[in-house]
Each structure stands twice: as structure tokens, then as C-alpha cells.
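J.: curious how this folds, go ahead:
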Amino acid sequence: MTTDAERTIVLSGWTGPWPADDPDANFKTDVALYAHADPLATIRNLGSALGIPVGALCHYVLAKWATAGSSGLLELGPTMTRRLVAVCDDAEATGTDEARVAAYTQLRDMVRWLLLPLDQPDIYE
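T.: Numbers count the residues shown, from 1 in each chain. The predicted structure follows:
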């Protein structure tokens, strides 16, 4: 069971530093990009408008973001997820720019195929 003290956090912006060869540099750059934003302004306004406590909204936002990968997998499904990543893995195994461009084209076409029923819902009638 998590205690109240363990559920208490201090929101703080972070801007680094990190080494140039850090494998997580893209994510850390994104974290630093939002370091000066005040997320609580939006949370407070939303909470006030909907009658939901700020802490409950923060919990919701963090839980939803933290589980988004799992939700995405459930929506896309394991088979399609593996098919999409295989395109990238094959291109990386080949290791050429031409293979990467071809993989981009293939991924684009696969995603467009997934969008077909959303963009043209009458197609299957």
C-alpha cells in the first residue's frame, strides 16, 4: 500500500545537463522543453470548471500518460505492432538510407491502411 507521503511530489522543471552521447537525449530534451511551463494553471482551471480536485486531476494525468503505451498496444494490437516494428528493424539491419526511406514509405502506407475505415467509413458497406 502506498502511503500519503509516498504519493506527495514536488513539481520541478529540469533542464539537464546530460552528455551529448546520452541514448535518452531526445526524451531529456523534451523534458527540458517543458521545464518553464506551469502545468498547474491548466489543471487548476480544469478542476475549477469541472469540480474535480487538483490532486485527482494530477493523478489522472500522470496515470493516463504513464499507461499510454499499454493503451496504445491494446488499441493497435500485438500483431500490427510487431508488423510495424519489423519494417523498422529490417531497414536498420540493412543499414542504408535507401532502406530507411523505403521503410518510411512502407510504414506510411500501413498507417494509411489503418486509417481507411476512419477516413472512409462507407467503404465497407
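
J.: for stretch 79-92, buried residues please.
T.: By neighbour count on 16 or more other C-beta atoms under 10 Å, the buried set for stretch 79-92 is 84, 87, 91. Placement of C-beta: from N, CA and C, glycine included.

J.: could you find the closest non-adjacent residue to the last one?
T.: Going back to what we said before, that points to A91. A103 (3.5 Å; C-beta to C-beta, 6 or more residues apart in numbering).

J.: other SSEs contacting the host helix or strand of the one you found?
T.: Assigned by DSSP states H and E, A103 belongs to helix 97-119. The helices and strands touching helix 97-119, judged by 3 or more C-beta pairs under 8 Å, 6 or more residues apart in numbering; DSSP states H and E, are helix 78-94.

J.: for the helix it packs on, what is the distance to the chain centroid?
T.: Centroid separation between helix 78-94 and its chain, computed with C-alpha atoms, centre = their mean, to the nearest Å, is 18 Å.

J.: take it, keep the C-alpha atoms, and write them as CSV.
T.: Only the C-alpha atoms of helix 78-94 are listed here, as CSV (Å, rounded to 0.1, in the frame of the first residue of the first chain):
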residue,chain,number,x,y,z
PRO,A,78,0.2,-7.1,-30.8
THR,A,79,0.2,-8.4,-34.4
MET,A,80,0.1,-5.0,-36.0
THR,A,81,2.6,-3.6,-33.5
ARG,A,82,5.1,-6.4,-34.4
ARG,A,83,4.5,-5.8,-38.2
LEU,A,84,5.2,-2.1,-37.8
VAL,A,85,8.4,-2.6,-35.8
ALA,A,86,9.6,-5.3,-38.2
VAL,A,87,9.6,-2.7,-41.0
CYS,A,88,12.0,-0.6,-39.0
ASP,A,89,14.1,-3.5,-37.8
ASP,A,90,14.6,-4.7,-41.3
ALA,A,91,15.6,-1.3,-42.5
GLU,A,92,18.1,-0.9,-39.7
ALA,A,93,19.5,-4.3,-40.3
THR,A,94,20.1,-3.3,-43.9
